[in-house]
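Peer 1: Need a 3D model of the sequence below.
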Amino acid sequence: MANTELSLDAEKSANPENPSSAELPESMMDLLQEVHVLRLPMVTRFRGITEREVLLFEGPNGWAEFSPFTEYGTAESSRWLRAALEFAGHLPPHPGTAAVPGAEASGHLGESFVAINATLPACATSEVEAILSRFGPVGTVKAKVAEHGIDSLPADLERLREFRRLFPTATLRLDANAGYSVPEALTACAEFAHFDLQYFEQPVAAVEDMARLRQALSERGLPVVLAADESIRKADDPLRVAELGAAEVVIVKVQPLGGIAAARSVIEACGLPAVVSSALESSVGLAAGAHLAASLPRTDRSLEILGENPACGLGTARLFGEDVVAEEKSLSPVDGRIPVTRIVPDPKRLEALAVDPGRFAWWSDRLQACWTHLRPQV
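Peer 2: Numbers count the residues shown, from 1 in each chain. Predicted coordinates:
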């Protein structure tokens, strides 16, 4: 069966203080009581996919999500597993990271909310209004560009002109997912600067290229603020972005960075304004991001670039045709915000959205491989 229960003595799922690897079971089957792997259909192609597979499990503190993209290797994916195990309460925060005020796994945070941005994928111009209408009233939109590198620029500009026609006063962010070379990014920035951007996220891949691009933008007088995403979540040394002056904003995601506390530590170490974003998760995974976003400090520089109530990129539940709970219980934005809470999946949806046995076996093997890699580091 796709929804397979893994046997466990319930005593073994107690929240550990600081367990050593020797105290942790070698098999995930001895740690997790139940695992579900779901396939969530998307309303439009995003990041090159039309379906998203996610693995969910419950721990002492509630449900958590493990959902590295299928092309990611074991070492990188194991950070995503650590984040999920911490949020569920199976592991404490990584040694050397501080607790995050207000983001404890218990979720007793009252009625707090975080603002979100809408996400506009690389779509046809005719689809812009319909896609953004799914998010409801929001003041900030992040548009994806460079799906096919610089060749996408004419279509990107057409889509952005339509966006500005429909939403002349909305705050606009762009994200190229490292789709350009430095010369191409300069060409694109000269065009995009006319759209009054809050920031441009990861136009080029390497940290050194981000630094070169920022210098070139300054020399040409182009008012484009750069934000680092892939340079933060994948680099071995996140401080390098700050050290090289490669960006003015960092984009942080809970799963890729290894958990809420680890992400907070990265933010503090970089000393740069931060925006919490989604890794295209279900509402279960988005809940962890909301906990982090609610805990971020407001600095003078953050206020200058991002404003009093910076929008986070956690409104992506609207990109799914089906979620793990009914729409009224999901972390879909209402009035431009989502609550800081925890999500309990609907059992009927766990069954209806379950992957086939072959995909469940693939994810089970992946889960174990990541745990084998992660366990000695705990």
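Peer 1: Low-confidence regions, the protein specifically.
Peer 2: 1-22, 94-111, 233-236 (pLDDT under 70).
Peer 1: Mind naming the longest helix for it?
Peer 2: helix 357-374 (DSSP state H).
Peer 1: for that helix, packing partners?
Peer 2: If you count contacts as 3 or more CB pairs under 8 Å, 6 or more residues apart in numbering; DSSP states H and E, helix 357-374 packs onto strand 34-46, strand 49-59, helix 74-88. (Glycine included, C-beta is placed from N, CA and C.)
Peer 1: Give the buried residues for that helix.
Peer 2: 359, 360, 363, 364, 366, 367, 369, 370, 371, 373, 374 (16 or more other CB atoms under 10 Å).
Peer 1: Now do it against strand 34-46, angle only.
Peer 2: 100 degrees (axes from the mean of the first three to the mean of the last three CA atoms, to 10 degrees).
Peer 1: need the contact list for the spatially most central residue of the chain.
Peer 2: By CA atoms, centre = their mean, the chain has its centre lying nearest to residue 278, at 2.3 Å. For residue 278, the contact set (CB atoms under 8 Å, 6 or more residues apart in numbering) comprises 253, 285, 286, 289, 313, 314, 315, 316.
Peer 1: The residues you listed: which two are farthest apart?
Peer 2: 253 and 315 (14.0 Å; CB to CB).
Peer 1: Please, where are all the helices along the protein?
Peer 2: Counting by DSSP H, the helices of the chain are 74-88, 128-133, 153-166, 182-192, 207-220, 230-233, 239-243, 254-257, 260-270, 283-295, 300-306, 347-352, 357-374.
Peer 1: Is it possible to get CSV of those helices that adds distance to residue 32?
Peer 2: Listed next are the helices of the chain as CSV, based on distance: least, CB to CB, whole Å:
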stretch, distance to residue 32
helix 74-88, 9
helix 128-133, 36
helix 153-166, 43
helix 182-192, 43
helix 207-220, 36
helix 230-233, 25
helix 239-243, 34
helix 254-257, 17
helix 260-270, 20
helix 283-295, 14
helix 300-306, 37
helix 347-352, 14
helix 357-374, 8
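Peer 1: for these, which one sits closest to residue 329?
Peer 2: helix 283-295 (7.9 Å).
Peer 1: tell me the angle of that closest one relative to helix 74-88?
Peer 2: Computed by the same axes, to 10 degrees, the angle between helix 283-295 and helix 74-88 is 80 degrees.
Peer 1: What helices and strands are in contact with helix 283-295?
Peer 2: Using 3+ CB pairs under 8 Å, 6+ apart: helix 283-295 touches strand 49-59, strand 62-66, helix 74-88, strand 113-115, helix 254-257, helix 260-270, strand 274-276, strand 337-339.
Peer 1: and residue 231, what does it touch?
Peer 2: Contacts of residue 231 (CB under 8 Å, 6+ apart): 202, 205, 206, 207, 210, 240, 241, 246, 247.
Peer 1: Mind doing that once more with 6 Å?
Peer 2: 207, 241 (CB atoms under 6 Å, 6 or more residues apart in numbering).
Peer 1: Output stretch 295-303 in CSV, but only the C-alpha positions, please.
Peer 2: Extracted C-alpha coordinates of stretch 295-303, given in CSV (Å, rounded to 0.1, in the frame of the first residue of the first chain):
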residue,chain,number,x,y,z
SER,A,295,10.5,35.0,14.6
LEU,A,296,12.7,37.1,12.3
PRO,A,297,14.1,40.3,13.8
ARG,A,298,13.5,43.7,12.2
THR,A,299,16.6,45.7,11.6
ASP,A,300,17.0,49.2,10.2
ARG,A,301,18.3,47.7,6.9
SER,A,302,15.4,45.3,6.7
LEU,A,303,13.0,48.1,7.2
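Peer 1: Domain parsing of the chain, as residue ranges.
Peer 2: Taking automatic domain parsing as the criterion, the chain consists of the domains 4-98+347-377, 113-339.
Peer 1: how long is the last one end to end?
Peer 2: In domain 113-339, first residue to last residue: 4 Å (CA to CA, to the nearest Å).
Peer 1: Please apply the same query to stretch 167-182.
Peer 2: 30 Å.
Peer 1: With stretch 65-78 instead?
Peer 2: Start-to-end, stretch 65-78 (CA to CA) is 13 Å.
Peer 1: Out of the helices and strands packed on helix 283-295, flag the one nearest residue 41.
Peer 2: strand 49-59 (5.6 Å).
Peer 1: So which bits of that closest one are buried?
Peer 2: Buried residues in strand 49-59 (16+ other CB under 10 Å): 52, 53, 54, 55, 56, 57, 58, 59.
Peer 1: and what of stretch 319-339?
Peer 2: 319-320, 322-325, 330-333, 336-339.
Peer 1: Run the chain-centre distance for it.
Peer 2: 15 Å (CA atoms, centre = their mean, to the nearest Å).
Peer 1: need the contact list for residue 171.
Peer 2: 139, 140, 198.
Peer 1: Could you check how far residue 165 is from residue 125?
Peer 2: 10 Å (CB to CB, to the nearest Å).
Peer 1: Give me the more crowded residue out of these two.
Peer 2: Between residue 165 and residue 125, counting by other CB atoms under 10 Å, residue 125 is the more crowded of the two (14 against 11).
Peer 1: on that earlier part again, for the longest helix of the chain, list the C-alpha coordinates in PDB.
Peer 2: Coordinates of the C-alpha atoms in helix 357-374 are reproduced here as PDB (Å, rounded to 0.1, in the frame of the first residue of the first chain):
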ATOM      1  CA  PRO A 357       3.600   1.400  -4.500                       C
ATOM      2  CA  GLY A 358       6.600   1.800  -6.800                       C
ATOM      3  CA  ARG A 359       7.000   5.500  -5.900                       C
ATOM      4  CA  PHE A 360       6.400   4.800  -2.200                       C
ATOM      5  CA  ALA A 361       9.300   2.300  -2.300                       C
ATOM      6  CA  TRP A 362      11.500   4.800  -4.100                       C
ATOM      7  CA  TRP A 363      10.800   7.400  -1.400                       C
ATOM      8  CA  SER A 364      11.300   4.800   1.400                       C
ATOM      9  CA  ASP A 365      14.700   4.000   0.000                       C
ATOM     10  CA  ARG A 366      15.600   7.700  -0.200                       C
ATOM     11  CA  LEU A 367      14.400   8.300   3.300                       C
ATOM     12  CA  GLN A 368      16.600   5.600   4.600                       C
ATOM     13  CA  ALA A 369      19.600   6.700   2.600                       C
ATOM     14  CA  CYS A 370      19.300  10.200   3.900                       C
ATOM     15  CA  TRP A 371      19.000   9.000   7.500                       C
ATOM     16  CA  THR A 372      22.100   6.800   7.100                       C
ATOM     17  CA  HIS A 373      23.900   9.900   5.900                       C
ATOM     18  CA  LEU A 374      22.500  12.200   8.600                       C
END
